[in-house]
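Asks: Give the three-dimensional model of this entry:
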Amino acid sequence: MLRFLVRRLALGVVVMWLITMAVFALFFIAPNDVARTLAGRQATPEVVALISHRLGLDQPIWKQYLDFVGKALHGDLGFDYYHGVPVTEIMSAALPVTLSLVIPGAIIWLVLGVFNGVVSSIRPRSLLDRGLTVFALFFYSMPTFLLGLLLLYFLYFRLTLAGVAVFPAGGYVPLGDGVYDWFIHMVLPWFTLALVSAATYTRLTRASMLDVLGEDYVRTARSKGLGERRVVLRHALRAALTPVVTQFGIDVGVVLGGVVVTETVFSLPGLGKTAIDAINQQDLPVIIGIVLFASAAVVVANIVADAVYAVLDPRVRLH
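Replies: Coordinates of the predicted model:
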């Protein structure tokens, strides 16, 4: 297992190296005037000259790349000249918002999707199975922004007009300002994110469980007189979770880089909304920082998923 994880870790390092090369080439080699591009549209000539000096643009390309990677490894993602602060300061302000959305939302969609998938698989072609299939297809086909707007319309606007003001219109309240206020502001974004994602896990779990329930070792466990619940949960579900874990690692890594649509609909100042604002302002240092962070999040999440995969399926340790 250790050799398997070392290979996955080495592969992750190679992927991150290729990403840094692509980002560096895209933002530091492709533009005709790198300093002007990084400074933004409103930068003065003095600021452009300062950026050119700080970045060492008079140095060879390989030296610039090594400086770029070295600073990134030490947590220095550059300076945002548009706001006059380091990029890490902007990202550290946005990251707690994204984490507040992603972590509970991921738990909800994983539990809901796996539960629905297991229930569907143990009663295939039943009325319950067909109902959960319709549920999954409905939310799978639902655009995230539309689901968010519908939740806001019915659970905020209509309830408020009826004199039952339960959910706010949007915005973010830090956890430190009160657990209840933080919770009530995040409920609708959580379910907007979770319902769309849970649909995928429902179908994936159902298909995987149906395959596993037909295996010989499951029939053997049943023939020995083991209870159906034990057969399903201890023997079948563990093997069926391997593709779910793989998908979960990819999805969590991606959404950690910024849940753009959900954050925009609910006015959450997370990484996704910060990235959109940076694109509109042509604030390239922030864009570079978020791209590197999002890439690292995907790589790390996949390495963790591979580790869990190896625990669930002993056959993986031999590869």
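Asks: mind checking the SS state of the most centrally placed residue in the chain?
Replies: Taking Cα atoms, centre = their mean, the centroid of the chain lies closest to residue 255, which sits 1.8 Å from it. Counting by DSSP: H, G, I helix; E, B strand; the rest coil, the backbone at residue 255 sits in helix.
Asks: Give the closest residue to it in space, chain neighbours not counted.
Replies: Nearest residue to residue 255 in three dimensions, chain neighbours excluded: residue 102, at 5.0 Å (Cβ to Cβ, 6 or more residues apart in numbering). Any C-beta I mention is one placed from the backbone N, CA and C, and that applies to glycine too.
Asks: Name the helix or strand for that neighbour, please.
Replies: Per DSSP states H and E, residue 102 falls inside helix 87-122.
Asks: Which SSE is immediately downstream of that helix?
Replies: That would be, after helix 87-122 and using DSSP H and E, helix 127-140.
Asks: which strands and helices sit next to that following helix?
Replies: Helix 127-140 makes packing contacts with helix 87-122, helix 179-213 when contacts are defined by 3 or more Cβ pairs under 8 Å, 6 or more residues apart in numbering; DSSP states H and E.
Asks: I'd guessed residue 61 sits against residue 25; true?
Replies: No - between residue 61 and residue 25 there is no contact under Cβ atoms under 8 Å: 9.3 Å.
Asks: picking up where we left off before, with mean neighbour count as new columns, can the helices and strands packed on helix 127-140 be given to me in a markdown table?
Replies: Below are the helices and strands packed on helix 127-140 laid out as a markdown table (neighbours: other Cβ atoms under 10 Å):
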| stretch | mean neighbour count |
| --- | --- |
| helix 87-122 | 20 |
| helix 179-213 | 20 |
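Asks: JSON lines for those, including mean pLDDT and distance to residue 129?
Replies: Formatted as JSON lines, these follow (pLDDT from 0 to 100; distance: least, Cβ to Cβ, whole Å):
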{"stretch": "helix 87-122", "mean pLDDT": "93", "distance to residue 129": "5"}
{"stretch": "helix 179-213", "mean pLDDT": "92", "distance to residue 129": "8"}
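Asks: any idea how far the residue nearest to residue 255 lies from residue 112?
Replies: Between residue 102 and residue 112 the computed distance is 15 Å (Cβ to Cβ, to the nearest Å).
Asks: again with residue 49
Replies: Per Cβ to Cβ, residue 49 is found 55 Å from residue 112.
Asks: do residue 6 as well
Replies: From residue 6 across to residue 112, the span is 35 Å (Cβ to Cβ).
Asks: Then residue 106?
Replies: From residue 106 to residue 112 the distance is 11 Å (Cβ to Cβ).
Asks: Next, show the common contact partners of these two.
Replies: Shared contacts of residue 106 and residue 112, defined by Cβ atoms under 8 Å, 6 or more residues apart in numbering, comprise residue 194.
Asks: from what I can see residue 95 touches residue 271, true?
Replies: Yes - using Cβ under 8 Å, residue 95 makes contact with residue 271 at a distance of 6.3 Å.
Asks: hang on, the earlier thing: specify the stretch among the helices and strands packed on helix 127-140 that is closest to residue 285.
Replies: helix 87-122 (5.1 Å; Cβ to Cβ).
Asks: could you check the angle helix 179-213 makes with that closest one?
Replies: 50 degrees (axes from the mean of the first three to the mean of the last three Cα atoms, to 10 degrees).
Asks: Check the offset of helix 87-122 from the chain's centre.
Replies: 8 Å (Cα atoms, centre = their mean, to the nearest Å).
Asks: Please shift the residue numbers so they start at 606 in all later answers.
Replies: Got it, first residue is 606 now, which makes that one helix 692-727.
Asks: Please report how far the closest residue to residue 836 other than its chain neighbours lies from residue 837.
Replies: Using Cβ to Cβ, 6+ apart and skipping residues adjacent in sequence, the residue nearest residue 836 is residue 826, 5.0 Å away. Note on residue 826: its distance to residue 837, by Cβ to Cβ, is 10 Å.
Asks: ok, now residue 846?
Replies: 12 Å.
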